[in-house]
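A.B. asks: Return a 3D structure for these sequence lines:
(one chain, ligands or ions: 2)
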Amino acid sequence: MTIRPLALSAGDPAGVGGEIIAKAWRTLREAGPPFVVIGDAQLLASAGAGVKVQAVTRPREALDVFADALPVIDIPLLSPVVAGQPSPAYAPQVIRWIETGVGLALSGEVSGLVTAPIAKAPLYDAGFKFPGHTEFLAELTAAERFEGPRGPVMMLTAGDLRTTLATIHTPIAKVPGALTIEGIVNTALVTADALRRDFGVAAPRLAVAGLNPHAGEGGAIGREEIEIIGPAVQALRDRGVDAIGPSPADTLFHAEARARYDGVLCMYHDQALIPVKMLDFWGGVNVTLGLPIVRTSPDHGTGFDIAGRGLARPDSLIAAIQLAAQIAARRGG
Ligand SMILES: NC(=O)c1ccc[n+]([C@@H]2O[C@H](COP(=O)([O-])OP(=O)(O)OC[C@H]3O[C@@H](n4cnc5c(N)ncnc54)[C@H](O)[C@@H]3O)[C@@H](O)[C@H]2O)c1
Ligand SMILES: N[C@H](C(=O)O)[C@H](O)COP(=O)(O)O
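C.D. replies: Ligands and ions are numbered 1, 2, ... in the order given. So this is what the prediction gives:
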């Protein structure tokens, strides 16, 4: 089987991306998985504190240089970068780096895409219309066939915990109104399919969290469990999905509870991400499910408060690279 590298989009140039990419390369250069960065080669060389950077034109060339130099498909920025100071001026290149990575994944030149962190606000200020990578990648891959329930679904995983989100970057005040039976059912179907396809779980068990304290206490503390989440769980069970819930969210994350499911479907962002990042902030990985390409990302952001100071840890990026390679291999990659 032909070995193909992963693509790694460089993320916000004012953040910790360049630093953690160089550190990840130092760790992985001998044993892999190999990757080719899509970014500004000169910026990566300066952020990399002495890492040798080699510009390449095609991903396959990265395989020949990876042990000795950080391979980069060079798409240069057009304005200088100040570490820790994001700017909408970088948005065109940040977006193009992601688009290029998706194109290489769709063409099969790379086995998957790992995305270094982007900051949303400067992209929004530049007119970026998507909440984040997750929805943008879904748009970029929408025309590509995909066998199975289609995402995008955001998964955050750390250790034995795999969480998926019924709502993602939705303001808390709007979460109750954004929950629908159909949306929860589709998120769960994508989750169960991905657990089989990408994580090798033969018979996925899904736990579904309630929204309200004590999962609504029989309706006394809210009715979303009775009117939306409970009927969604029943619809899933009627379709043969091993789903339980809605359960009180605060009973779902201790070790014994985690042993009873393979994935847990949460109703909103922090309900999923607080337990994942508490369990293992440095090893957590963001995975986009239900796409025709493999995509992972570190569980952290751009770290503007420490960017440029040599303090950023590459652990989560390394975990994201390794998980992307594992999923790609399981998909035949
Ligand atoms: N995968 C992604 O693209 C991703 C993930 C989360 C947040 N974000 C975005 O990043 C921006 C900043 O987000 P935030 O401040 O909420 O979270 P953040 O993860 O950037 O920072 C939170 C804290 O963790 C620290 N930190 C982050 N990464 C680190 C690393 N590798 N090593 C050591 N310390 C690290 C930071 O210094 C900061 O103190 C926002 O625009 C957010 O939307 C992107
Ligand atoms: N909530 C995500 C996380 O904490 O990892 C983060 O905002 C990234 O979202 P996208 O992958 O959609 O950019």
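
A.B. asks: Only C-alpha atoms from now on, for both contacts and neighbour counts.
C.D. replies: Will do.

A.B. asks: right, and P88 touches A126 too?
C.D. replies: Yes: here P88 reaches A126: they are 5.1 Å apart, a contact under C-alpha atoms under 8 Å.

A.B. asks: which regions of the protein sit below the pLDDT cut-off?
C.D. replies: For the chain, applying pLDDT under 70 flags the ranges 1.

A.B. asks: Could you report the neighbour count for the nearest residue to V276 once chain neighbours are set aside?
C.D. replies: Excluding its sequence neighbours, the residue lying closest to V276 (C-alpha to C-alpha, 6 or more residues apart in numbering) is A158, at 5.8 Å. By other C-alpha atoms under 10 Å, the residues close to A158 number 23.

A.B. asks: which residues does A158 contact?
C.D. replies: V276, K277, L279, D280, F281, G283, G284, V285 (C-alpha atoms under 8 Å, 6 or more residues apart in numbering).

A.B. asks: Would you quantify the distance from the first one to F136?
C.D. replies: Here the criterion is C-alpha to C-alpha, to the nearest Å. By it, V276 lies 23 Å from F136.

A.B. asks: more crowded one of the two?
C.D. replies: Neighbours per residue (other C-alpha under 10 Å) separate V276 from F136, with V276 holding more: 24 against 18.

A.B. asks: Just to check, the more buried one is in contact with G284?
C.D. replies: Yes: in terms of C-alpha under 8 Å, V276 counts as a neighbour of G284; the distance is 6.7 Å.

A.B. asks: okay, which residue is most central for the protein?
C.D. replies: N286 (3.0 Å; C-alpha atoms, centre = their mean).

A.B. asks: Just give the nearest non-adjacent residue to that one, would you?
C.D. replies: Nearest to N286 is L156, by C-alpha to C-alpha, 6+ apart, at 4.5 Å.

A.B. asks: in what helix or strand does that neighbour lie?
C.D. replies: Using DSSP states H and E, L156 maps to strand 153-158.

A.B. asks: Likewise for L317?
C.D. replies: L317 belongs to helix 315-330, assigned by DSSP H and E.

A.B. asks: How about the contacts made by P275?
C.D. replies: F253.

A.B. asks: how close does it sit to P176?
C.D. replies: 21 Å.

A.B. asks: rewinding a little: who touches both of P88 and A126?
C.D. replies: By C-alpha under 8 Å, 6+ apart, no residue touches both P88 and A126.

A.B. asks: still on that earlier bit, give the buried residues for the helix holding L317.
C.D. replies: 315-328 (16 or more other C-alpha atoms under 10 Å).

A.B. asks: This structure - how does it break down into domains?
C.D. replies: 1-146+292-333, 147-290 (automatic domain parsing).

A.B. asks: so how far is the longest one from its chain's centroid?
C.D. replies: From the chain centre to the centre of domain 1-146+292-333 is a distance of 12 Å (C-alpha atoms, centre = their mean, to the nearest Å).

A.B. asks: Next: the shortest one.
C.D. replies: Here the centre of mass of C-alpha atoms in domain 147-290, compared against the chain's by C-alpha atoms, centre = their mean, lies 16 Å away.

A.B. asks: Use 647 as the first number from now on
C.D. replies: All right, first residue 647 from here; so that's domain 793-936.

A.B. asks: In the stretch 847-979 of the chain, mark out all the strands, start to finish.
C.D. replies: 851-855, 888-893, 909-912, 931-935, 941-944 (DSSP state E, counting those that start in this stretch).
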